[in-house]
Structure formats: structure tokens, C-alpha cells
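Engineer: this one's structure only:
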């Protein structure tokens with residue numbers, strides 16, 4: 001099945017697929033970030049593949065100069081009982097990825113959480129706002145350069 005997925009993606013989107021690897025039967029395909037929506041629509045609507053669920057969507061801070069962040073999409077096909085992982089690289093300076101909520105509505109809260117914790121914005125998201133931290137909070141706690149003990153006085157906390 002992995003060969004079919006990769007073959008279809010490379011045939012349909014030769015300019016979108018940056019790399020791929022397989023580990024213990026799980027396929028990971030790295031896609032250019034600006035192509036994630038059209039690749040997602042294809043994976044969802046192709047009659048042979050039908051990746052109709054986004055199981056999870058998350059951010060990863062690689063803390064490296066080229067492509068500091070990754071957005072990882074864990075997809076599932078109910079028809080084929082198959083998982084697929086897509087990745088897109090995101091630069092720190094241009095920390096924006098197109099939203100896939102129009103493809104998989106279940107990505108809504110995952111994108112909001114990734115925005116809140118990593119500061120990765122999702123262009124076209126219907127309601128991109130923070131989930132855990134106050135709206136006026138200027139930091140993103142899951143970034144690797146965020147201090148383990150937090151930033152003193154960055155959040156107004158009640159005193160005894």
C-alpha cells in the first residue's frame with residue numbers, strides 16, 4: 001500500500017513531494033508547505049486511498065537553522081485501515097502554513113493548539129486563537145528556547 005500511495009503522490013504532485021521514508025511499515029512523506037491543502041484534498045478524495053481522518057496534527061521544534069519547525073499530520077484511511085504521516089517544514093521567519101480545516105474539519109482544534117504552543121500560524125483557519133494561554137500572552141511555551149521555569153511575571157497570577 002505504501003508504494004501505491006507514494007507512486008500516486010509523485011505522479012500527481014511531482015513538485016510537492018520533497019522526501020519520503022518508511023519505518024516499520026509506516027510511511028512518512030514530506031510535502032512543501034504551500035501544497036499541503038491540495039495534497040490533502042487528493043489523499044482524502046482519491047477512491048483508492050481515502051485518507052478521510054486526521055488523527056492528529058502537531059508541531060515540532062527542531063531548533064535548527066533550516067526549517068526550524070515541522071507540522072506533522074497523522075492521517076488514517078478507514079477503508080484501507082492504513083496510517084500515513086505527512087510533514088511540512090516551516091521556517092521561523094515565515095511561520096505560516098495553510099490550514100487544512102477545509103479538508104479535514106477535525107484539524108480545527110489541533111491547529112489552534114499548535115498555534116498556541118508553538119506560534120505556527122495557519123492561514124485560512126476559521127477561528128485561530130489561543131486555547132490554553134491568554135490571548136495577550138506573547139510567548140509560546142513548547143518552543144525549545146522557552147525557559148523551563150517560564151518567564152517571571154509574564155502571566156498575571158493571583159497572589160496569596
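Structural biologist: Alright, I've got the coordinates. Predicted, not measured: the structure shown is a model, and the values here were computed from it. Numbers count the residues shown, from 1 in each chain.
Engineer: tell me which element the residue most central in space within the chain is part of?
Structural biologist: A centroid search over the chain (Cα atoms, centre = their mean) returns residue 71, at 3.1 Å, as the residue closest to the centre. Applying DSSP states H and E as the criterion places residue 71 in strand 69-77.
Engineer: now what about that strand, what contacts it?
Structural biologist: Residues outside strand 69-77 that contact it (Cβ atoms under 8 Å, 6 or more residues apart in numbering): 33, 36, 40, 43, 49-62, 82-92, 95, 97, 100, 107, 114, 118, 120. Any C-beta I mention is one placed from the backbone N, CA and C, and that applies to glycine too.
Engineer: what mean pLDDT would you report for that strand?
Structural biologist: Averaged across strand 69-77, pLDDT comes to 98.
Engineer: Could you do stretch 23-36 as well?
Structural biologist: 97.
Engineer: Identify those among the contacts of strand 69-77 that sit within strands.
Structural biologist: 53-61, 82-90, 97 (DSSP state E).
Engineer: Any chance of a PyMOL selection covering the buried ones in those?
Structural biologist: Command for PyMOL, covering only those of the ones in strands among the contacts of strand 69-77 found buried under the criterion 16 or more other Cβ atoms under 10 Å:
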select buried, resi 54+57+58+59+60+61+82+84+85+86+87+88+89+90+97
